[in-house]
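Participant: Kindly generate the corresponding structure for this input.
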Amino acid sequence: MRKDGAPATGGLDVAGLASAHATSLYRFARSLVRDDAAAEDLVQETFVRALERGHTYRGDAPPEAWLRRILHNLAVDRSRRHSRETLVETVEEQWRDDAHTVDPSVVAVRSEARAELEDALVRLPFIYRAAVVLHDVEGWTVKEIATLAGIDLPAAKQRLRRGRMALVSLLAQGADRRAAIEGVPLRCWDARSRISDYLDGELPAKDARLVERHLETCPTCPPLYASLVGVRDALGRLRDPDAVIPPQLAERITSDERGSAPYPAA
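Facilitator: I've put the predicted structure just below:
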């Protein structure tokens, strides 16, 4: 807050920006992360960051472009905590091999199924997924993507190329992946997104049964579930059963409850 009482946001009306651009920013975030809750978190964090850094806005780009840049950078930061860069590097090495190929019929069938295509997209590292989605879904130019990401044009082109190659490879592997989970109720992410509520006993009975059936038959989710249970139990053991409230604090609390002043009068 400045001395004159105006918000220290470089003259930006962040509340007004939120009202005007929240919907379009949410759509932008949803296209990048493919998850409703994560998109909502990104939008909220974007406006918090805008409040904190409004003084850095110089007016050299429209406010919405500035907000998109903030959101994109936040998404990149999050993705680095869960980076799968080796996937793209492995795929590129495969594509360098003249003998490497894929079955185009498998890729075509999977790419026509929205759930299959989104399943492959979500497994791409974020920076490559963003380049592919923004260019091939949203119609952005490579130059616009480069500007958003703060990289040069060749780097943006490389991200798009690598993302497309990795996506094709992931789709091509779909036959083996689907064979491994054929007959398993729920997609893995649908089950995993419910696991926390399942652990806490907060899932409706119907959904809980679906999760249980998924865990009985899925080849990859049971170890994840077992790990979640183990970590939760380990955290529970951190609780100190012998901890007691300090007597002085207890006295202050009880004094307050009796309506007397808990602290000496100044």
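Participant: going forward, measure contacts and count neighbours with C-alpha atoms only.
Facilitator: Fine.
Participant: got the contact list for the residue nearest the centre of the chain?
Facilitator: The centroid of the chain falls nearest to residue 38 when counting by Cα atoms, centre = their mean (4.6 Å). Contacts for residue 38 (Cα atoms under 8 Å, 6 or more residues apart in numbering) come out as residue 30.
Participant: That one is in what secondary structure piece?
Facilitator: Counting by DSSP states H and E, the element that carries residue 38 is helix 36-53.
Participant: so where is this protein shaky, pLDDT-wise?
Facilitator: 1-12, 80-86, 174-183, 239-266 (pLDDT under 70).
Participant: try it again with 90
Facilitator: Along the chain, segments meeting pLDDT under 90 span 1-22, 30-41, 47-63, 73, 75-126, 169-195, 199-200, 214-266.
Participant: what secondary structure does residue 151 sit in?
Facilitator: coil (DSSP: H, G, I helix; E, B strand; the rest coil).
Participant: give me the number of residues near it?
Facilitator: 12 (other Cα atoms under 10 Å).
Participant: okay, stretch 97-117 in CSV with CA atoms only?
Facilitator: The C-alpha trace of stretch 97-117 is given here as CSV (Å, rounded to 0.1, in the frame of the first residue of the first chain):
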residue,chain,number,x,y,z
ASP,A,97,17.2,-44.2,-35.2
ASP,A,98,16.4,-44.8,-38.8
ALA,A,99,14.8,-48.1,-37.9
HIS,A,100,12.4,-46.6,-35.4
THR,A,101,8.8,-46.4,-36.5
VAL,A,102,5.2,-46.7,-35.1
ASP,A,103,2.0,-48.3,-36.1
PRO,A,104,0.0,-45.4,-37.7
SER,A,105,-3.3,-47.3,-37.3
VAL,A,106,-2.8,-47.5,-33.5
VAL,A,107,-1.9,-43.8,-33.3
ALA,A,108,-4.9,-42.8,-35.4
VAL,A,109,-7.4,-44.8,-33.4
ARG,A,110,-6.1,-43.5,-30.1
SER,A,111,-5.9,-39.9,-31.2
GLU,A,112,-9.5,-40.0,-32.3
ALA,A,113,-10.6,-41.0,-28.8
ARG,A,114,-10.6,-37.9,-26.6
ALA,A,115,-9.9,-39.8,-23.4
GLU,A,116,-6.9,-41.6,-24.9
LEU,A,117,-5.5,-38.3,-26.4
